[in-house]
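Colleague: Curious how this folds, go ahead:
(one chain, ligands or ions: 1)
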Amino acid sequence: MHHFDLKNGALHAEDVPLELIADEVGTPAYVYSTATLKRHYGLLRAAADAHREALGEALIAFAVKANANLSVLATLAKLGSGADTVSEGEIRRALASGVPAERIIFSGVGKTDMELAFAIGVGVRQINVESGAELDRLIAVAHAMDARPAVAIRVNPNVGAGGHAKITTGGKGDKFGVPADEAMRLYARASASSHVTPVGLACHIGSQIVDLSPLEAAFQVLRQMTLDLRAHGHAVTRLDLGGGLGVPYSGGSTPPSPADYVAMAARVLQGLDVEAAFEPGRLLAANAGVLLSRVIQVNERSDGQRFLVLDAAMNDLMRPALYDAFHDIRAVQPLGGEDQAYNVVGPVCETGDTFARDRILPPLEADDLVVFTGAGAYGAVMASEYNSRPLIPEVLVDGDRWAVIRPRPTYEDMLDREPFADWL
Ligand code: LLP
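Modeller: Purely as a prediction, here's the structure:
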């Protein structure tokens with residue numbers, strides 16, 4: 001559910017007309033809803049709290065990679081959210097937004113020594129170790145700092161899932177984590193070290209998963225490994241279940257609810273006496289954001305093709321070009337008239353800059369506004385300046401108030417970043 005609805009014939013973000021934002025901030029722009037963020041976090045929190053017995057005081061650690069804007073993170077931090085991070089930059093963003101270090105998890109397949117030292121230095125809750133090579137480096141870094149960070153071993157459970165091959169992370173050949181047998185050995189190695197404390201296991205098998213069964217299979221692997229590790233005398237107190245639950249990108253699809261997902265996790269973990277962590281990214285943020293864009297023109301071609309040319313492009317929202325992802329497109333001020341089929345494109349000079357083909361939309365003309373829904377996760381964070389198009393602004397709405405939470409850079413800002421080589 002989200003808070004982008006038609007009121008008096010015009011699309012609003014909560015109580016703010018999107019046309020007002022477009023007029024004042026310009027387009028394209030990302031617009032986020034505080035109420036939707038709160039609602040999604042609240043649903044997951046309530047589900048986790050309802051299963052305290054099986055999940056302990058479960059941590060919900062928002063995956064910062066999905067939406068790293070400081071105001072978005074601060075909104076979630078105020079609700080008690082932790083942060084799942086994969087770089088020093090993300091840890092810094094989480095801390096700057098008020099997420100306490102003890103609620104920050106540091107994951108990722110290639111953390112540098114400097115990043116590991118930074119994470120240890122600020123005292124993150126746990127470092128998810130993804131390989132033997134990384135464990136060795138972490139032990140060396142911790143030794144040099146005379147520290148003893150808590151670690152979880154990331155298991156690759158050999159269960160891949162997700163909305164697209166490029167966002168599947170738990171399959172055999174995927175680069176993330178280690179197979180179960182190796183994880184057992186790494187756990188023992190970590191237990192034997194006086195410079196790390198192994199606290200548990202982690203997994204993440206993919207993103208935009210719309211079926212609970214692969215998730216359940218992965219959680220079962222973690223359960224069995226917990227029992228095996230304990231049988232070998234190791235303490236296992238935390239299980240990090242990753243993210244991955246899919247969201248509805250169109251009115252027609254209904255992925256499992258957060259409540260069903262958490263109930264399934266509770267069923268699998270029942271009786272283990274562990275503290276669970278969830279790392280949702282998309283689930284919290286995707287439908288809390290839209291990409292607001294203006295029609296530049298409609299190209300009606302002699303071959304019958306109709307192109308809706310927008311001022312937003314693949315550099316602003318990569319997902320359709322990268323994963324053939326579907327985002328609903330809605331008119332901000334839908335007028336009457338017969339629906340039409342449009343090829344929806346941006347101005348970037350590649351055929352890949354196509355958001356949708358033969359999309360049925362109400363009649364649209366130059367200067368009309370549209371939104372792409374489901375753009376709050378993996379939207380702004382993945383944007384680039386390709387074709388020298390400056391990054392677009394982000395706006396946060398809360399009821400009837402709104403704020404620019406990342407301004408649009410000027411062309412001067414863009415050019416000033418690049419000093420000329422001194423021989424030119
Ligand atoms: N935790 C870990 C370790 C992850 O690798 C990810 C996402 C998450 C949590 C959050 O997963 P979520 O709940 O959002 O599914 N750019 C792609 C998605 C890549 C996700 C990679 N890992 C997209 O736009 O679909």
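Colleague: I figured residue 163 hits residue 211, correct?
Modeller: No. With contacts counted by CB atoms under 8 Å, residue 163 stays clear of residue 211, the gap being 10.8 Å. C-beta here means a position set from N, CA and C on the backbone, and glycine is covered the same way.
Colleague: The two: which has the busier surroundings?
Modeller: Taking neighbours as other CB atoms under 10 Å, residue 163 and residue 211 compare with residue 163 leading, 23 against 11.
Colleague: any idea whether that one is helix, strand or coil?
Modeller: For residue 163, the reduced secondary structure class is coil; criterion used: DSSP: H, G, I helix; E, B strand; the rest coil.
Colleague: for the closest residue to it other than its chain neighbours, phi and psi?
Modeller: Excluding the flanking residues, the one nearest residue 163 by CB to CB, 6 or more residues apart in numbering is residue 208, at 3.0 Å. Backbone geometry at residue 208, expressed as degrees, to the nearest 10, gives phi 60, psi 50.
Colleague: Same question for residue 87.
Modeller: Per-residue torsions, residue 87: phi -160, psi 160 (degrees, to the nearest 10).
Colleague: pLDDT score assigned to it?
Modeller: Reported pLDDT at residue 87 in the predicted model: 98.
Colleague: and it, how many neighbours?
Modeller: Number of residues near residue 87 (other CB under 10 Å) recorded here: 20.
Colleague: OK, contacts around residue 13?
Modeller: 3-4, 21, 31-33, 290, 395, 397, 402 (CB atoms under 8 Å, 6 or more residues apart in numbering).
Colleague: got a list of what the closest residue to residue 365 other than its chain neighbours touches?
Modeller: Using CB to CB, 6+ apart and skipping the chain neighbours, the partner closest in space to residue 365 is residue 298 (6.1 Å). By CB under 8 Å, 6+ apart, the contact set of residue 298 is 306-309, 342, 364-366.
Colleague: out of those, which are buried?
Modeller: Buried by 16 or more other CB atoms under 10 Å: 308-309, 342, 364, out of the contacts of residue 298.
Colleague: Which positions in the stretch 251-400 of the chain make contact with the ligand?
Modeller: Residues of the stretch 251-400 of the chain lying close to the ligand (CB under 6 Å from any ligand atom) are 279-283, 319, 323, 378.
Colleague: Pipe those into TSV and attach secondary structure, neighbour count and pLDDT per row.
Modeller: Conversion of these to TSV gives the following (DSSP: H, G, I helix; E, B strand; the rest coil; neighbours: other CB atoms under 10 Å; pLDDT from 0 to 100):
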residue	secondary structure	neighbour count	pLDDT
279	coil	27	98
280	coil	27	98
281	coil	23	98
282	helix	26	98
283	helix	28	98
319	helix	24	98
323	helix	17	96
378	coil	26	98
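Colleague: Report the central residue of this protein.
Modeller: By CA atoms, centre = their mean, the chain has its centre lying nearest to residue 66, at 2.2 Å.
Colleague: Before we move on, what's the pLDDT of that one?
Modeller: Looking at residue 66, the pLDDT reads 98.
Colleague: Was I right to think it contacts residue 285?
Modeller: Yes. Under the criterion of CB under 8 Å, residue 66 makes contact with residue 285 at 4.9 Å.
Colleague: shared neighbours, these two?
Modeller: 376-377.
Colleague: From residue 352, how far off is the closest residue to residue 386 other than its chain neighbours?
Modeller: Closest residue to residue 386 apart from its sequence neighbours, by CB to CB, 6+ apart: residue 315 at 4.0 Å. Between residue 315 and residue 352 the computed distance is 11 Å (CB to CB, to the nearest Å).
Colleague: longest single helix anywhere in the protein?
Modeller: In the chain, with assignment by DSSP state H, the single longest helix is helix 212-231.
Colleague: Dump the C-alpha coordinates for that one into CSV.
Modeller: Output in CSV follows, covering the C-alpha atoms of helix 212-231 (Å, rounded to 0.1, in the frame of the first residue of the first chain):
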residue,chain,number,x,y,z
LEU,A,212,8.0,-17.9,0.2
SER,A,213,9.3,-21.4,-0.6
PRO,A,214,12.9,-20.6,-1.6
LEU,A,215,13.2,-18.3,1.4
GLU,A,216,11.9,-21.0,3.7
ALA,A,217,14.4,-23.5,2.2
ALA,A,218,17.2,-21.1,2.9
PHE,A,219,16.0,-20.5,6.5
GLN,A,220,15.9,-24.3,7.0
VAL,A,221,19.5,-24.4,5.9
LEU,A,222,20.3,-21.8,8.6
ARG,A,223,18.3,-23.8,11.2
GLN,A,224,20.1,-27.0,10.5
MET,A,225,23.5,-25.4,10.5
THR,A,226,22.7,-23.7,13.9
LEU,A,227,21.9,-27.2,15.3
ASP,A,228,25.1,-28.6,13.8
LEU,A,229,27.3,-25.8,15.1
ARG,A,230,25.8,-26.1,18.6
ALA,A,231,26.4,-29.8,18.5
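Colleague: What residues sit buried inside it?
Modeller: For helix 212-231, the neighbour count (16+ other CB under 10 Å) marks 212, 214-215, 217-219, 221-223, 225-226, 229 as buried.
Colleague: show me the contacts for residue 243.
Modeller: Going by CB under 8 Å, 6+ apart, residue 243 touches 63, 84, 204, 207, 278-283.
Colleague: how far does the strand or helix carrying residue 114 sit from the chain's center?
Modeller: For residue 114, the host element (DSSP states H and E) is helix 113-122. Distance of helix 113-122 from its chain centroid, counting by CA atoms, centre = their mean, to the nearest Å, is 23 Å.
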